[in-house]
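> here is my input; please provide its structure:
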Amino acid sequence: MEKVLQGQIALITGSSSGIGAGVAKSLAEAGATVVVNYSSDKSKASADAVLKEITDAGGTGVVIQCDVSEEDQVSKLFADVIAKYGTIDILINNAGLQRDAKFHEMTLEEWNTVIKVNLTGQFLCAREAIREFLRRGPRPEVSAATGKIICMSSVHEVIPWAGHVNYAASKGGIKLMMQSLAQEYGPQGIRVNSICPGAIQTPINRGAWETPQALNSLMTLIPYNRIGQPSDIGNLAVFLASDLSDYITGASIFIDGGMTVFESFADNG
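Predicted coordinates for the structure are as follows:
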């Protein structure tokens, strides 16, 4: 891969596994120094493994713990990154989770947990990143933009999802947060976009693909007839973080094998 992110510092939240790990690897391959973030002690070994794979391939980075839903931890995360590397150029707002339940059975804890990580966590990280971008100003030697934020959203920012109301609500909130930030900080050269994955083969949705029956059922929703891989998301993240996409801001980019064209209507519904 061409080193289009050479000299840039990238923080990828929730990057000990799944999509986040794939994005971290792709950004490192493109030349960025990556911060692999994990949320709790049980994820540290996985985060270390991701960083080892990156460094074994010639990349550079560090592993840092932070629960993105906690304001004091987010402040410390950014302070630690800036102390080590001097600044940050790219934030991949990826950390997220699900707590699924039928709506009438959903507890307030299940609602709050998802909103706090998926939406409030992105708010806290984006706020710290923008503060740093404004503090240091442009770095034209490495990037045309003053800073780049990529929010990990979902096809469910536009597709309702019964049984997952908390998750869908969090992703809908990310959409308008992202667009509002792009509008507010575009004049300062800060680009903010969202990646909206469809079905990606990760542990969070194992039940949707781990058996032939489940995978065949999933394919009825995907015109391109394959499940996505974390590297697919990583490739798009590299593009959106690079100067190749310098005129793109405020955009939700769907990467879903065509899921949002509603395959179920291919035969007149």
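
> excluding its backbone neighbours, what's nearest residue 113?
residue 99 (5.3 Å; CB to CB, 6 or more residues apart in numbering). Placement of C-beta: from N, CA and C, glycine included.

> tell me how many other residues crowd that neighbour.
Neighbours of residue 99 under the rule other CB atoms under 10 Å: 16.

> what do you get for the one 4 residues further on?
Residue 103 is surrounded by 11 other residues when neighbours are defined as other CB under 10 Å.

> about what we covered before: gap between the residue nearest to residue 113 and residue 115?
Distance from residue 99 to residue 115, counting by CB to CB, to the nearest Å: 10 Å.

> cool, residue 135 as well?
For residue 135 relative to residue 115 (CB to CB), the value is 29 Å.

> these two: which has the busier surroundings?
Set side by side, residue 135 and residue 115 show more neighbours around residue 115, with 17 against 9, by other CB under 10 Å.

> and the pLDDT at the more buried one?
Turning to residue 115, the model gives it a pLDDT of 98.

> so it: helix, strand or coil?
helix (DSSP: H, G, I helix; E, B strand; the rest coil).

> likewise for the one 4 residues further on?
Counting by three-state DSSP, the backbone at residue 119 sits in helix.

> report the contact partners of it.
By CB atoms under 8 Å, 6 or more residues apart in numbering, residue 119 lies in contact with 170, 173-174, 177.

> of all these, which comes closest to residue 215?
The closest of these to residue 215 turns out to be residue 170 (CB to CB; 26.3 Å).

> OK, contacts around that closest one?
Applying CB under 8 Å, 6+ apart, we find residue 170 in contact with 96, 114-115, 118-119.

> just put those residues in a markdown table and tack on distance to residue 231.
Shown next, in a markdown table, are those (distance: CB to CB, whole Å):
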| residue | distance to residue 231 |
| --- | --- |
| 96 | 19 |
| 114 | 26 |
| 115 | 29 |
| 118 | 23 |
| 119 | 26 |
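
> hang on, the earlier thing: would you agree the residue nearest to residue 113 falls within a helix?
No: per three-state DSSP, residue 99 lies outside any helix segment and is coil.

> is it true that it touches residue 166?
Yes: using CB atoms under 8 Å, residue 99 makes contact with residue 166 at a distance of 6.4 Å.

> for residue 198, which non-adjacent residue is closest in space?
Excluding its sequence neighbours, the residue lying closest to residue 198 (CB to CB, 6+ apart) is residue 256, at 2.7 Å.

> is it true that that neighbour touches residue 226?
No: under the criterion of CB under 8 Å, residue 256 is not in contact with residue 226, lying 11.2 Å apart.

> who has more neighbours, those two?
Neighbour count, other CB under 10 Å: between residue 256 and residue 226, residue 256 has more, with 21 against 13.

> and which of the contacts of residue 119 is nearest to residue 231?
Closest to residue 231, out of all of those and judged by CB to CB, is residue 174, at 22.4 Å.

> please enumerate the strands of the stretch 51-200 of the chain.
Ranges of strands in the stretch 51-200 of the chain, per DSSP state E, counting those that start in this stretch, are 60-65, 90-93, 147-152, 190-197.

> and the average pLDDT for the following helix or strand past the longest one is what?
Past strand 190-197, further along toward the C-terminus, the next helix or strand under DSSP states H and E is helix 212-219. Taken as a whole, helix 212-219 carries a mean pLDDT of 92.
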